[in-house]
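Q: Need a 3D model of the following:
(2 chains)
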Amino acid sequence: MLAKLTYLELKLFTREIITPVLVLLLPLALLLGFGYLPGGNKAQQALGGQTTPEYMAALGVGLTLTVLGLSILPATLAGYREKGVLRRMATTPVRPAYLLIAQLLLYVAAAFVSVALMIIAARVLFGTPVPERFPAFVGTVVLGIGALFGIGLVVAAVAPGAKAGNLIGMVLFFPSLFLGGVYIPREQMPSALRAVGDYTPLGATLKTMRDSWMGAEPHLAQLAIMAAYAVAAGLTAARLFRWE
Amino acid sequence: MPVIDVRNLHKRYGAKVAVEDVSFAVEEGEIFGVLGPNGAGKTTTVECVEGLRTPDRGTVSVLGLDPRRDRTELTRRLGVQLQASELPDKMKVGEALELYASFYDRPADPGRLIEELGLADQHDTRFGRLSGGQKQRVSIALALVGDPEVAVLDELTTGLDPQARRDTWRLIEGVRDRGVTIVLVTHFMEEAERLCDRLAVIDAGRVVAVDTPAGLVSRVAPEQRVRFRPSVPLDDHLLKELPEVRNVTKTGGQVVVTGTDGLLQAVTSVLARNHVIAADLRVEQSSLDDAFVALTGRTID
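A: This is a model prediction of the structure:
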């Protein structure tokens, strides 16, 4: 039943056309676009010593997590509530919580597909080494998913409908990208902005991903803040979530 | 034992009382109507029956179950068609039926339901592309896919065109003939009159009457109504002097005369004597509409 539900949600996800493109192809396009810039495959001072493809690969993963967590997740769930999909399910023997679980399973899977795609594409096309501290890298992705999806669930909990969910998501989305160092690499930010950005959900995720990719020890404080975001947001969403 | 037994149900939202005091019993195999104007508390009442809401006072029993406490068991045996509940726009009709069938241990055959509801051509159509009537039929199909013993259908035909409405009525009769007990929430008189074996008239959170449609109509004073267009202007007094006539009203070129038995005969004789030809002559009996007005003191809309 959960498998069937998740599979159908996957089908619906692919039928949105624009979302799979955004989630899987946009990061790839960024990697290709910036990776082939002249001199990109040399370690860049401005990117904290990373090559452009390695930097872009991590950035692409961060972007995928943010799009899934702050845009698609809240808009879909708030839309399901608005349309009465959750309510209808509440009249069947299956609790609507399963729909939420199916959604999360799907998006976590999509996130990992994107991660794999970025690692493989960077490796094959640019010879970028796979993340050096691999377990730490995976752990970071998991924590980043927890933090960003958690916040998305809070948005889904408070937004009355799909439009509002999308709007609130967007209000969080663009500042997240800015503070997280997607528009300008954090190395080129003023130090005050960087200090803030490093502790935003996306900023912390991106920084720890890049650290572990390069083989540096991830900052414990950043891992802790990601876990804190995940737990706090998860609990808040659980408290506030309305099924109808 | 009745299939559904609601006793002294009371439900409020904050300070607003949605249901003041509602009691009724639904017997096995009947189509039971819950009739009332918008905001009368119909939906809140059936939501308590479905277990979606907890009553503040009173008891509800469905198939001998407590809708809140025995919720899981109830969801297996009670099918629900909610007012204004949609599906994701890109989900296909067939997929939706298959999915919801997978929620039950012994579901109805989704393919056959699709056939029966006249949705065979829409099997691969996405929900967002269906017409209002087709969406409504999908909604009914989902309420029946668990092969329920009881189905609650809320505002089944709201927003449908007259043809789709009639088709839907035929369908519901078919469902009843299969032995499913049906609770039908409606504010359409015609629908209640046509479909329901018995109905509860609800107004302002209270049950005003529970009876068959014919029983309700017979409660109001038998009154006849004659309508026509006179060929030449007509003096009211000619009609008002008749003992059978109670009241005469004129709207536009139309005259409406109400009164007691023998009204038609009396009116037509007077017209003939005065060489007035009555065009578009019609006689109307009391209807459920009239019964509703008599019971609640107002029209349903």
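Q: what residue is smack in the middle of chain A?
A: For chain A, the residue nearest the mean C-alpha position is A:L65 (1.0 Å; Cα atoms, centre = their mean).
Q: That one and A:G146 touch, don't they?
A: No. Using Cβ atoms under 8 Å, A:L65 is not in contact with A:G146; the gap is 10.0 Å. Placement of C-beta: from N, CA and C, glycine included.
Q: Chain A contacts on chain B?
A: Within chain B, the residues that sit near chain A (Cβ under 8 Å from any Cβ of the partner chain) are B:50, B:52, B:72, B:75-76, B:78-80, B:82, B:84-88, B:90-91, B:95, B:98-100, B:102-105, B:126, B:142, B:146.
Q: Report the buried members of those residues.
A: For these, a burial check counting by 16 or more other Cβ atoms under 10 Å in any protein chain shown picks out B:50, B:52, B:75-76, B:78-80, B:82, B:85-88, B:90-91, B:95, B:98-100, B:102-104, B:126, B:142, B:146.
Q: quick one: least confident helix or strand in chain A?
A: helix A:18-20 (a mean of 84; mean pLDDT, DSSP states H and E).
Q: Residue 41: neighbouring residues, count only.
A: All of this is about chain A. Residues lying near A:N41 (other Cβ atoms under 10 Å in any protein chain shown) number 16.
Q: my bad, chain B
A: Neighbour count for B:G41, taken as other Cβ under 10 Å: 25.
Q: Could you check how many residues crowd around the residue of chain A found nearest chain B?
A: With Cβ to the nearest Cβ, the shortest gap between chain A and chain B falls at A:G84, namely 3.4 Å. Number of residues near A:G84 (other Cβ under 10 Å) recorded here: 18.
Q: who touches the residue lying closest to it once chain neighbours are set aside in this structure?
A: Nearest in space to A:G84, with sequence neighbours left out and distances taken as Cβ to Cβ, 6 or more residues apart in numbering or on different chains, is B:S85 at 3.4 Å. For B:S85, the contact set (Cβ atoms under 8 Å, 6 or more residues apart in numbering or on different chains) comprises A:K83, A:G84, A:V85, A:R87, A:R88, B:S139.
Q: Verify the contact between B:I202 and B:N38 for me.
A: No. Look at B:I202 against B:N38 with Cβ under 8 Å: they stay out of range, at 11.3 Å.
Q: a helix runs through B:T249, doesn't it?
A: No. Read with DSSP: H, G, I helix; E, B strand; the rest coil, B:T249 is strand and lies in no helix.
Q: ok, now which ones touch it?
A: Residues near B:T249 by Cβ under 8 Å, 6+ apart: B:V255, B:V256.
Q: coming back round to it: show me the buried ones among the residues of chain B next to chain A that map onto strands.
A: B:L78, B:G79, B:V80 (DSSP state E).
Q: which residues in chain A form helices?
A: Secondary structure of chain A (DSSP state H): helices at A:2-15, A:18-20, A:26-35, A:52-66, A:73-83, A:85-90, A:97-126, A:134-158, A:162-179, A:191-197, A:201-214, A:220-240.
Q: Report the buried residues of the longest one.
A: Yep, that's helix A:97-126 we're talking about. By 16+ other Cβ under 10 Å, the buried positions in helix A:97-126 come out as A:98-100, A:102-108, A:110-112, A:114-115, A:117-119, A:121-122, A:126.
Q: hmm, it touching chain B?
A: No. When contact is scored as Cβ under 8 Å from any Cβ, no part of helix A:97-126 falls within range of chain B; the minimum is 9.1 Å.
Q: That helix vs helix A:73-83, what angle?
A: Put simply, helix A:97-126 runs at 150 degrees to helix A:73-83, going by axes from the mean of the first three to the mean of the last three Cα atoms, to 10 degrees.
Q: What helices and strands are in contact with helix A:97-126?
A: Using 3 or more Cβ pairs under 8 Å, 6 or more residues apart in numbering or on different chains; DSSP states H and E, the elements in contact with helix A:97-126 are helix A:2-15, helix A:26-35, helix A:52-66, helix A:73-83, helix A:85-90, helix A:134-158.
Q: quick one on the thing from earlier: for the contacts of B:S85, pick the one with the most neighbours.
A: Compared across these, B:S139 has the highest neighbour count, 26 neighbours, by other Cβ under 10 Å.
Q: first vs last residue of stretch B:257-271, how far apart are they?
A: This stretch, stretch B:257-271, spans 13 Å end to end (Cα to Cα, to the nearest Å).
Q: gap between B:L78 and B:L117?
A: Going from B:L78 to B:L117 by Cβ to Cβ, to the nearest Å gives 19 Å.
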